[in-house]
Structures are given as C-alpha cells and as structure tokens.
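Trainee: what follows is a predicted structure for the sequence shown.
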Amino acid sequence: MVSFAIILLFSAIMGFSIYLSLPMVFKSGTGAGVLKLLNAGAVGILLFLLADIFSNVTPIIYNKSLYGYGSNPLYDLVFLLSFSAGFLILFFTEHRKEGVLTPSQTAFFIAVGIAFQNLTEGLVFGSLGAVLGLTGAAVVILVGFILQNMTEGFPISSPFLGKLEHREWQMMSLLFLGGVPDIIGGAVGFYFNSTIIDVLFDGLAMGTILYVIIPMIRAIFTEKSQYLRRVAYAGIFAGFVVGFLVNLI
C-alpha cells in the first residue's frame, strides 16, 4: 500500500503542473492576432472541460436506478443545486456592481471553477492510490490529470495576456488557487471519498465555468476585423481539439 506522503507528493505534482503555462503567458511582444488566437484557445479548452466534467457525471446521474429507467433522483438534485449555485452565485456577485468583469475578476472566477474540478480529480486519485497504489489505473489517471492541468493553467492566465502590467504575483496566486485543490483532494481521498461529493464539486465547477465562458466568447467576437473573427473561430476549435487530444492520453 502506498503511503499518505507519496499520495500528497504526486497530488502536488499533479496540481502544480498548472504552472507550466507560464512561459507562454509571460512572453512579451505578442501581436494582436496571436493574442486573439490564444484567448480563443482558452475558451476552446474551457468548452472541452465542460464536456469532460459532464461526461464524468453522466454515468452517476443517468444510471437507470429509477426502476431501471431514468436517473438517480438524489444525484440529480445534488447536481442541479450545485450547478445552479456555481452559476447564480457569480451572477448575483457580478450584477451587484456596475460594469463588466475585469481581467482579474475573470481569471479569479475561472480559477474557482477549475479548483472545484481539480478537487474531484484529487479525490479520485487519492482514493485510487490508497486502494491500488501507484500502479495500473492510478498511474494512468495521474498522468492524464497532469497533462490536463497543464492545459487548465492557460485559461486562468488568458485574461492577463498582454495586460500583465506588473500583476504577475496576482496571476501566480490564481494559478495556485486552481492547483492546490488537487493536493487537498488527494489528502481527503486517501481516507474518504463519496459519489455525492464528486457530483457536488463537478456541478459547482460546471456552473462556474459556464458563467465565465459567456463573457469570454462575447469579448473575443467584438472585433470588427473579419480576419480576427476568423482567428477567434480557429482558436476555439484548436483549444477544444487540444483538450480532446490531451484527454486521450
């Protein structure tokens, strides 16, 4: 049986792989077309992440437990309430003030959504590691989550592209917020995990990410330039494909 310390170590590696997006974010002198492509790519990754999270939830809520048909009413309710909470809390938080989301606020909300999703990742890895050790399925999940987290760091950083202006520390702390739940989840999952908890945090993650994607899509399509609009379409497509290919590994 693998030790608790080993689970924590690999959960930290898994979580902080989110920082591997920094070289691209810190790169200076990026042109308007490339910035548009990168921001649109972040939207594509988030869209794939939404689909990926929901694919994890569907076997739980649509399990034909209702007399062999339909879904599980308890899990349905937990998912619906947590999804609604993730979306509506951000909605009322933003609309209590005037104006649109700032880059810092957008990055924060993206980090929160990814943090909820990474917490469930950590729970899954911690519980599997406790049972199987670092072999078989646990290793496959570890490698897959590391690669996925490498892509997740980019959506958090994307609102700062071309706008850092000495706010590197703020972006670094938001990446930390997105990555550290893997460690918490790994620690808790080593001793305890439940399906309801997974559904709860996946629902929160989906509600939060969906809310953030809407203004991001609106922002990248405000350009009057037909060229930049085409770049935006290409970026969203490329981001989704990258998320898909990474998830295949």
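Mentor: Right, received. Where do you want to start?
Trainee: which of the three states applies to Ser71?
Mentor: coil (DSSP: H, G, I helix; E, B strand; the rest coil).
Trainee: I meant to write Glu152 there.
Mentor: Assignment for Glu152 (three-state DSSP): helix.
Trainee: wait, doesn't it sit right on Ile45?
Mentor: Yes: Glu152 is within contact range of Ile45, at 7.3 Å (criterion: Cβ atoms under 8 Å). Where you see a C-beta, it was placed from the backbone N, CA and C, and this is true even at glycine.
Trainee: show me which of the two is the more surrounded one.
Mentor: A direct count of neighbours by other Cβ atoms under 10 Å for Glu152 and Ile45 places Glu152 higher, at 31 against 28.
Trainee: just checking, next helix/strand downstream of the lowest-mean-pLDDT helix or strand in the chain?
Mentor: In the chain, the helix or strand scored least confidently by mean pLDDT, DSSP states H and E is helix 22-26, which has a mean of 71. Downstream of helix 22-26, the first helix or strand assigned by DSSP states H and E is helix 32-61.
Trainee: and that next one, what other elements does it pack with?
Mentor: When contacts are defined as 3 or more Cβ pairs under 8 Å, 6 or more residues apart in numbering; DSSP states H and E, helix 32-61 packs onto helix 73-95, helix 103-132, helix 137-157, helix 195-220, helix 226-248.
Trainee: tell me how far the last one is from the chain's mean position?
Mentor: Read that as helix 226-248. 17 Å (Cα atoms, centre = their mean, to the nearest Å).
Trainee: what stretches of the protein score poorly on pLDDT?
Mentor: Where the chain drops to pLDDT under 70, the residues are 1, 24-32, 65-70, 96-100, 136-137, 162-167, 249.
Trainee: follow-up on the earlier one: now the helices and strands packed on helix 32-61 in CSV, with distance to Asp52?
Mentor: Below are the helices and strands packed on helix 32-61 laid out as CSV (distance: least, Cβ to Cβ, whole Å):
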stretch, distance to Asp52
helix 73-95, 15
helix 103-132, 9
helix 137-157, 8
helix 195-220, 10
helix 226-248, 6
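Trainee: separation between Ile217 and Ala42?
Mentor: Distance from Ile217 to Ala42, counting by Cβ to Cβ, to the nearest Å: 11 Å.
Trainee: which one's more surrounded, these two?
Mentor: Between Ile217 and Ala42, counted using other Cβ under 10 Å, Ala42 has the larger neighbour count: 27 against 15.
Trainee: skip the chain neighbours and tell me the closest residue to the more buried one.
Mentor: Distances taken as Cβ to Cβ, 6 or more residues apart in numbering place Ser158 nearest to Ala42, at 3.6 Å, with adjacent residues excluded.
Trainee: spatially central residue in the protein, please.
Mentor: What sits nearest the mean C-alpha location of the chain, by Cα atoms, centre = their mean, is Ile114, with 3.1 Å.
Trainee: skipping its backbone neighbours, what lies nearest that one in space?
Mentor: Distances taken as Cβ to Cβ, 6+ apart put Gly178 closest to Ile114, at 4.5 Å, once the chain neighbours are dropped.
Trainee: which of the residues in the helix or strand encompassing that neighbour are classified as buried?
Mentor: Using DSSP H and E, Gly178 maps to helix 168-191. Judged by neighbour count (16 or more other Cβ atoms under 10 Å), helix 168-191 contains these buried residues: 171, 174-175, 177-190.
Trainee: having no further points to raise, I will conclude here.
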